[in-house]
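>>> Got a predicted structure here, sequence first:
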Amino acid sequence: MEPFPEPSKDFWEGEQWELVGKLFIAFVPLLIAFGVGVGVFAAATYNEGVDAYVKPASETAPAEVVPAQPPVAAAVSQVSDSAVAAPPVADEPASAASN
């Protein structure tokens, strides 16, 4: 039986490709980190510079465009709208005024 012939040297074989191999191993974690970074940036700047929003349609009203408010002003207006109620009238019982 004859021994197998010595294979010729492959182009990709050798120490010169060690760096490429190490970079390839680190490619997936770097790709994940890049994706997370892009996602954080996109979430932080999603509504930046917006002038108006579209209020979704409901069963009773069609969709409408409403002007944008700064986030702080919108939160304050929602709190003030829900927290401020007319005081009960002295002639009416408190239970009737709350209905």
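Looks like it arrived, so ask away.
>>> since we're on Ala68, how many residues are nearby?
Neighbours of Ala68 under the rule other C-beta atoms under 10 Å: 14. Using the backbone N, CA and C atoms, a C-beta is placed for each residue, glycine as well.
>>> measure the nearest residue to it once chain neighbours are set aside to Phe41 for me?
If the residues on either side of it in the chain are set aside, Ala68 comes closest to Val50, at 5.0 Å by C-beta to C-beta, 6 or more residues apart in numbering. Distance from Val50 to Phe41, counting by C-beta to C-beta, to the nearest Å: 17 Å.
>>> Then Glu15?
39 Å.
>>> Between those two, which is the more surrounded one?
Phe41 (10 against 6).
>>> I'd guess that one is in a strand, am I close?
No: applying DSSP: H, G, I helix; E, B strand; the rest coil, one finds Phe41 to be helix, outside a strand.
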